[in-house]
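[1] Output the structure for:
(chains A and B)
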Amino acid sequence: MTIRNTLRDYGQRYRPRMACLKKVEKVLLEMQDPKTGVKSQPQRLVITTIPHAITGEDIIAWLADRFQIDTQEARKFGSMLVALGYIYPLQDHKRLVVKPDASLYRFQTPYFWPTQQWPVEDTDYAIYLAKRNIRKKGILELHEQTSLDFKVKKVAAKERKKPDRVVFDCQERAYWVVHRPPPGTVSAMDYGLDRRVDPNADEVTGESLHDLYEHDSCQLVKYCATYNSHDPFLSKCLPSNPWLTDDLCIYFDEFLSLWLFVCNSVEIPTKMRVERWTFSFGELLSDPRGRDDFRLFLKKEFSGENLAFWESCEDLKWGTAATMREKAEQIYKTFLARGAPRWINIDGKTMEITVNGLKHPHRYVLDAAQTHIYMLMKKDSYGRYLKSPVFKDTLKKAICPEEHKFTRPSLSPIILRQQEQEQRAKMAASATVDITQVMSKLSKQRNEVSPHPPPPKK
Amino acid sequence: MCDQTFMAATFGPCDSCGKTGPLMNIYIKNEPVNYCSFCVEVMAYRGLQKGETLETLRQESDTLKKKLEEERGKLNDVELHQVAEKIEVVGALSIKTRRVLKGHGNKVLCMDWCKDKRRLVSSSQDGKVIVWDGFTLNKENGVSLPCTWVMACAYAPSGCAVALGDGLDNKCSVIPLSLDKNENLATKKKSVAMHTNYVSGCTFTSSDMQILTSSGDGSCALWDVESGQLLQSFHGHTADVLSLDLSPSETGNTFVSGGCDKKSCVWDMRSGQNIQTFENHESDINCVKYYPSGDAFASASDDATCRLYDLRADREVAIYQKDSIIFGASSVDFSLSGRLLFAGYNDYSINVWDVLKVTRVSILFGHENRISRVCVSPDGTALCSASWDHTLRIWA
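    Presented below is the predicted three-dimensional model:
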């Protein structure tokens, strides 16, 4: 039989990743303080008396008092101390938890603490198992049996006083339960994949002084306040949080967006959603429904090319590298060249930089122009949009969603994308969309879902 | 994004060597200059000069750090919780487990939500990747990869593909999803990123066409999915990079990364330049996450604290810590409004912090082993936590 080493020792004792261990040791020292620590008493166990035993409920009470936390948290904390091996249970020694009753525990001797300077060697484990094997006359746990290496002959069987020996045995056994846990149990020593760099190694890094802005964090506070009513964890979300109800509830709004994404003019957003568009220009653009509304407004103002240019720039930036060059040329021809069909109005300097950059196009070549146009839309068009009849109309039509129960699961995004592509192709082929056809198709789809949604309230 | 029109010359003659090429816009002694990447490297990695030893350089670095802190302290910065004094306290939260997703056979290492707010993808140590419908607990897709330690996974913005970062292969691959449950998706796996050490984090950018990865080799990189081409690499960390997050702002071209060198760095994706660095943690940084507005970010570390950094003020503004919390934080995420910070810890619990008042609001128990990741759904209605106890939980 040979030892199967299932627990690799990564030398974690030196690593700050187990920084918690130093903090735990401090707590342990406090707990063992004779005056202010956990009260301990000698306990009888079978025929021997174990000194300095503590009860589970005392541990929990002490922790709750020390850290000003509730009993549940104190119990979890205590269980972590046991799981790491700083405290060990006298009864039921394989379950490394703190029980909130009179179960007995003891503080582990620092010799066996996890942060000691030597690694947990397999040979030590072998010696331990050999000792137990001899003492118990061959009765070992299955997982221990398979780990025993009979090549290890040295067995320490020193003569000791019986109570000391019992205590030492308990401590040693507890140590090995922590460091060689039975398979399938959770081990607190487990911390995952090793990291590449040793933090204690020498390194020299450069430091540069950046521009420092005088600023306070008011805008963080403002952001929180603005979005507070939209945060489902903080405010009751309408119609209801879909995760809370047992039936599969989907927002009315989402239902519509699933089935009516084609007919943007028919899709009715909720009041909450429209309100978010007023928070910032970014919010408006990032919501496809909002962007469409804005596009409609710009069309009326004859400045639609700005948004189209911005969208093309985004497409260039995030698109696949292979088509980048063509895209850049296409954008130049459509928006920037003299006499271009959708010529955008940018200042001379920006135009010069952009045109020069386009000689060697890369994905950020239009950055300056894009920023300029974005700022233009944000500072000028956005403000007018919020006061425009287009927006006011949308706001009036926006609904307060009601609770709906649907049993049909939502469409896979893959299907949605396929449908979207089909629709795009259709729309590109025919100049206008036949509303009646689409509506009849949609009403057919809607009838498949029951119950029939009530008409939206004005 | 700051309210300035940033007119950067991104291509042209380098101010140092005169060669024409892509430029990095940096500041030297507060003056903006445009250097080509080669000159920037030369400048940054000057070797030890005569009379300098490791010790003297370290002392110099420490004095510089102290100076920087002094300068930052001089600015009239009010503490976050002082500004937030007048705000109402967060009411009692009743967050409970609403779903338990069972199906993984080993530690769940990572998860990500789909933009449709109900689907999610999770990856585990046994190489299994599962796409779930969170509502119905239905397993829509499953992939078994030959590798173990799939430490990073991400859902594509379109919802039609997932990216997986491999801990042992050092690669990041993209797998297109299929409607056919029985299809063997492992065959359609496409290798995109190649690092020289484990991939710790990956995310798609605004489209399905690019992924950003962080690796144990100390670098981050931007890749083109179609061709597998390396578009930009980001060097600056001196140890493993454990996490990254893309800026949520509309005009954002930045991302933040955190690593074992206790530093969190903000990068410009266009030039590959390190814009800001923060070194306040006392231990490895396990996770970084942007505040919803993009003006700040939070980091979770093995030193059992989470910290909030304000990017405009260029400093740390809050530390979320408690005496009774001594185990490392492995993951963080903000609620939709940014008022709550959910942090998963190595003591199997999730603490919920009030971001502005810098107090703990709630603690969530339920998992039986370390929390590897917490992630709020895109519409903010639920929190999903992935744990080493082989399960995922959805809380609301």
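[2] Show me the domain layout of chain A.
    Following automatic domain parsing, one finds the domains of chain A at A:12-195, A:204-231, A:242-397, A:413-441.
[3] Is the third one positioned near chain B?
    Yes. Between domain A:242-397 and chain B, judged by Cβ under 8 Å from any Cβ of the partner chain, the touching residues are A:242-244, A:248, A:254, A:281-282, A:285-286, A:314-315, A:317-322, A:349-350, A:353, A:356-357, A:360, A:362-365, A:367-368, A:371-372, A:374-375. Any C-beta I mention is one placed from the backbone N, CA and C, and that applies to glycine too.
[4] again, but for the first one
    Yes. Part of domain A:12-195 sits close enough to chain B to count as contact by Cβ under 8 Å from any Cβ, namely A:16-20, A:23-24, A:27, A:63, A:66-69, A:72-73, A:76-77, A:80, A:186, A:190-193, A:195.
[5] Going through those, which ones are buried?
    Among the residues of domain A:12-195 next to chain B, those scoring as buried are A:16-20, A:24, A:27, A:63, A:66-67, A:69, A:73, A:76-77, A:80, A:191-193, A:195 (criterion: 16 or more other Cβ atoms under 10 Å in any protein chain shown).
[6] For ChimeraX, write the selection for the buried entries among the residues of domain A:242-397 next to chain B.
    Command for ChimeraX, covering only those of those found buried under the criterion 16+ other Cβ under 10 Å:
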select /A:242,243,248,254,281,282,285,286,314,315,317,318,319,320,321,350,353,357,362,363,364,365,367,368,371,372,374,375
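[7] Not counting its neighbours along the chain, what's nearest residue A:331?
    Of all residues not flanking residue A:331 in the chain, residue A:312 sits nearest, at 5.0 Å (Cβ to Cβ, 6 or more residues apart in numbering or on different chains).
[8] Can you give me the neighbour number for that neighbour?
    Residue A:312: 21 surrounding residues under other Cβ atoms under 10 Å in any protein chain shown.
[9] Residues contacting the strand or helix carrying it, please?
    According to DSSP states H and E, residue A:312 maps onto helix A:304-318. For helix A:304-318, the external contacting residues (Cβ atoms under 8 Å, 6 or more residues apart in numbering or on different chains) are A:291, A:294-295, A:298, A:324, A:327-328, A:330-331, A:334-335, A:342-344, A:363-364, A:366-367, A:369-370, A:373-374, A:376-377, A:381, B:205-207, B:209-210.
[10] let's see it at 7 Å
    By Cβ atoms under 7 Å, 6 or more residues apart in numbering or on different chains, the residues outside helix A:304-318 that reach it are A:294-295, A:298, A:324, A:327-328, A:331, A:335, A:342, A:344, A:363-364, A:366, A:370, A:373-374, A:376-377, B:205-207, B:209-210.
[11] now stretch A:172-179
    The list of residues contacting stretch A:172-179 from outside it, by Cβ under 7 Å, 6+ apart, reads A:84-85, A:88, A:93-94, A:96, A:108, A:112, A:120, A:125, A:128, A:189.
[12] List the contacts of residue B:228.
    Neighbouring residues of residue B:228 by Cβ under 7 Å, 6+ apart: B:191-192.
[13] Apply 10 Å and report the result again.
    Taking Cβ atoms under 10 Å, 6 or more residues apart in numbering or on different chains, we find residue B:228 in contact with A:321, B:171-174, B:190-194.
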